[in-house]
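In: next one to model:
(chains A and B)
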Amino acid sequence: MPEIFIAFSYKDVLYLLQAALVTIAMCAMAFSCGLPVALLIGLIRTARRIPALRWIGWAYVEVFRGTPLLMQIFIAYFGLSILGLQLPRFVAVSIPLILYTGAYMGEIIRAGVEAVPRGQWEAGSSLGMSYPQLLGYVVAPVAVRVMIPPSVGFLVQLVKGTSLAYVVGYVELTRAGYIVSQSTYATMLVFTIVGVIYFGINYPLSLVSQGLEARLKRHA
Amino acid sequence: MLKLEEVHKWFGSLHVLKGISMTVSRGEVVVIVGRSGSGKSTILRCINGLEPIQRGRIEVDGEVVEAHSRHVRKIREEVGFVFQSFNLFPYYTALDNVSLALRIVKKTPSAQARSIAEEMLGRVGLSDKLEAYPDRLSGGQQQRVAIARALAMSPKLMLFDEVTSALDPELVGEVLKVMQDLAEGGMTMVVVTHEMGFARRVADRVLFIHEGQIAEEGPTEQIFTAPQNENLRSFIQSIL
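Out: Numbering: from 1, shown residues only, chains lettered A, B, ... in the order given. Below is the predicted model:
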């Protein structure tokens, strides 16, 4: 057996799994911090009576959805450092991921809110409910059901999106795979394992989504 | 209780209400009739501020209704609205549909809100459907839940917007029955409907709307037996 394969050991797998935890943590962070941004964007995009707000929301979404995430990470890390603002790697990767989540989830929230028939809003307001009450008690139960499948789709995309952090040298799963393959030369093996780990993260997400959908489908 | 003065409403360039003036006293039941598109439903929607008006004045119990204002919420708590398409909240049981606004708008404690909701559902004959979701109810049952939902807020005024038009013919009666009971109980009501039999039985007064104006109004019997306006005469003939 050639030397190069012996170099690859279970320790490398452990290292990759550790890096997978970083990937999961990044996703969790980006998603949870991105959701408030998304909620804001989704709601101003559905503001019926204030066109200026709708326009701001639209511009935000178009900019962050219309440019590559890779480029946004580049700008946050290298671009800002040219301007004298050297962000730590983690922050430089986090900000674009959060804004990116804000744009995509914002659109998903908008679609969810728009899927709620006007009659529901009217029924709630005719009972004296305020806008936040309408959103929380009348719109959300309907909208959330519409939002589940595209949200999971986005989460899967986000998990894969975090791999772009490698460009600034932040060690997550993809970067870790690169490092291991450099030291062991077992490139195919390493990246196959990396792929399996990504799948291992994403597939349960799909299962959870299916479960949720089935549970919420009652009384549709 | 309710006063409209020279109310005008435009949808874009379409002039739908052309100077509507009317008053409704406490305990009175007023039925509004007219052809489709005459503006009947728009009047109701303006009364509880779902639609803004461009000119004129609407007062409910001495308070001016202004759509999109904060204050309009206070008025809406006291004005029950029942829609043609029921608009029940699909993911709430009948009981929760009725008690939701009590809890979150009126801040009624849950236990009390629940007992009020049970009582209201009992009044519309649905004591056996408390835990049913709207998709398990017939149209007539859904509409009765919607009426109970509005009643639970103990409104001073109830508005009914063609509430039987979306129902199968055999389900119309149960809803009209509930409305008649309400009227007999002294509720102030403004009812837009095509049910002329109901109008004759229950209304104190009938308004005939034609092209955004009140073409004729008067005591119920007079409107049906001795209509003056030519459009009203042909309208009555067309539906009887």
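In: for chain B, what are the nearby residues on chain A?
Out: Counting by C-beta under 8 Å from any C-beta of the partner chain, the positions of chain A adjacent to chain B are A:49, A:117, A:119-120, A:122-130, A:133, A:137-138, A:141-142, A:219-220. (Glycine included, C-beta is placed from N, CA and C.)
In: would you mind finding the longest helix in the chain?
Out: Let's take chain A. When chain A is parsed with DSSP state H, its longest helix is helix A:10-45.
In: ah, I was thinking of chain B
Out: Using DSSP H to define each element, chain B has its longest helix at helix B:169-184.
In: what average pLDDT does whatever helix or strand comes next after that helix get?
Out: Following helix B:169-184 in sequence order, the next helix or strand is strand B:188-192 (DSSP states H and E). For strand B:188-192, mean pLDDT rounds to 96.
In: up against chain A, what does chain B have?
Out: So chain B meets chain A at B:48, B:50, B:68, B:73-74, B:76-77, B:79-81, B:83, B:85, B:87-92, B:100-101, B:104-106, B:133-135, B:146, B:149-150, B:153 (C-beta under 8 Å from any C-beta).
In: which members of those residues occur in helices, if any?
Out: Per DSSP H, the residues of chain B next to chain A map to helices at B:73-74, B:76-77, B:100-101, B:104, B:146, B:149-150.
In: most neighbours among those residues, which one is it?
Out: B:Arg149 (32 neighbours; other C-beta atoms under 10 Å in any protein chain shown).
In: which ones are touching that one?
Out: Taking C-beta atoms under 8 Å, 6 or more residues apart in numbering or on different chains as the criterion, B:Arg149 is in contact with A:127, B:88, B:97-98, B:101, B:120.
In: cool, and A:Val13?
Out: A:Ile193.
In: and the residue lying closest to A:Ile41 once chain neighbours are set aside, what element?
Out: Distance criterion C-beta to C-beta, 6 or more residues apart in numbering or on different chains; nearest residue to A:Ile41, sequence neighbours excluded, is A:Gly106 at 3.1 Å. Following DSSP H and E, the helix or strand that holds A:Gly106 is helix A:89-114.
In: and for A:Arg54?
Out: Counting by DSSP H and E, A:Arg54 is part of helix A:51-66.
In: how about the backbone phi and psi for B:Leu137?
Out: Main-chain torsions, B:Leu137, degrees, to the nearest 10: phi -110, psi 150.
In: make sure it is actually in contact with B:Ala148.
Out: No: look at B:Leu137 against B:Ala148 with C-beta atoms under 8 Å: they stay out of range, at 11.8 Å.
In: what touches both of the two?
Out: Applying C-beta under 8 Å, 6+ apart, one finds that B:Leu137 and B:Ala148 are jointly contacted by B:Ala94.
In: so B:Val64 makes contact with B:Arg57?
Out: Yes: counting by C-beta under 8 Å, B:Arg57 is a contact partner of B:Val64 at 6.4 Å.
In: pLDDT on the helix or strand harbouring A:Val159, on average?
Out: A:Val159 belongs to helix A:140-161 when elements are defined using DSSP H and E. The average pLDDT for helix A:140-161 rounds to 92.
In: what helices or strands is it leaning on?
Out: Packing partners of helix A:140-161 (3 or more C-beta pairs under 8 Å, 6 or more residues apart in numbering or on different chains; DSSP states H and E): helix A:10-45, helix A:89-114, helix A:187-217.
In: show me which residues of that helix are buried.
Out: Neighbour-count burial for helix A:140-161, with 16 or more other C-beta atoms under 10 Å in any protein chain shown as criterion, is recorded at A:140-143, A:145-148, A:150-152, A:154-156, A:158-161.
In: and A:Tyr131, how many neighbours does it have?
Out: By the criterion of other C-beta under 10 Å, A:Tyr131 has 13 neighbours.
In: A:Val91 now?
Out: Quick note: A:Val91 (other C-beta under 10 Å) scores 12 neighbours.
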